[in-house]
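In: Predicted model and sequence follow; I will ask about them next.
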Amino acid sequence: MPAYKYTCKHCGSDETRIAGIDDHTVTCDRCGKPMSRHMDLKSLLDSYKRPQTDN
Ligand SMILES: [Zn+2]
């Protein structure tokens, strides 16, 4: 299962959670606001290295 990092834009809290298929509704433990998901660092670096070769 992929782990995604979530950041709360409201209080700056970071959390890493194991994401389900449609897990877009993680809420912040501190303030209860929805957190935004971003790719983990490894995937991010990987996408930088790789030229865009879709198709
Ligand atoms: Zn928060």
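Out: Done, it's in.
In: Is it correct that Cys31 is in contact with Lys9?
Out: No - when contacts are counted by CB atoms under 8 Å, Cys31 is not listed as touching Lys9 (10.1 Å). For every residue, glycine as well, the C-beta is placed using N, CA and C.
In: Just give me the neighbour total for Thr16.
Out: Counted with other CB atoms under 10 Å, the neighbours of Thr16 add up to 10.
In: what do you get for Tyr6?
Out: When neighbours are defined as other CB under 10 Å, Tyr6 has 19 of them.
In: Just grab the bridge partners of it for me.
Out: Taking DSSP bridges as the rule, Tyr6 bridges to Glu15, Arg37.
In: residues contacting it?
Out: Asp14, Glu15, Thr16, Arg17, Val26, Met35, Ser36, Arg37, His38 (CB atoms under 8 Å, 6 or more residues apart in numbering).
In: which two from those end up farthest apart in space?
Out: Distance extremes for these: the farthest pair is Thr16 and Ser36 at 13.5 Å, using CB to CB.
In: and which of the contacts of Tyr6 is nearest the ion?
Out: Of all the contacts of Tyr6, Met35 has the smallest distance to the ion: 7.0 Å, by CB to the ion.
In: Nearest residue to that closest one in space, ignoring adjacent ones along the chain?
Out: Of all residues not flanking Met35 in the chain, Tyr6 sits nearest, at 3.9 Å (CB to CB, 6 or more residues apart in numbering).
In: So which residues of the protein form helices?
Out: Listed in chain order, the helices of the chain (DSSP state H) span residues 41-49.
In: I'd like to know which residues of it are adjacent to the ion.
Out: Residues of the chain lying close to the ion by CB under 5 Å from the ion are Cys8, His10, Cys11, Ser13, Cys28, Arg30, Cys31.
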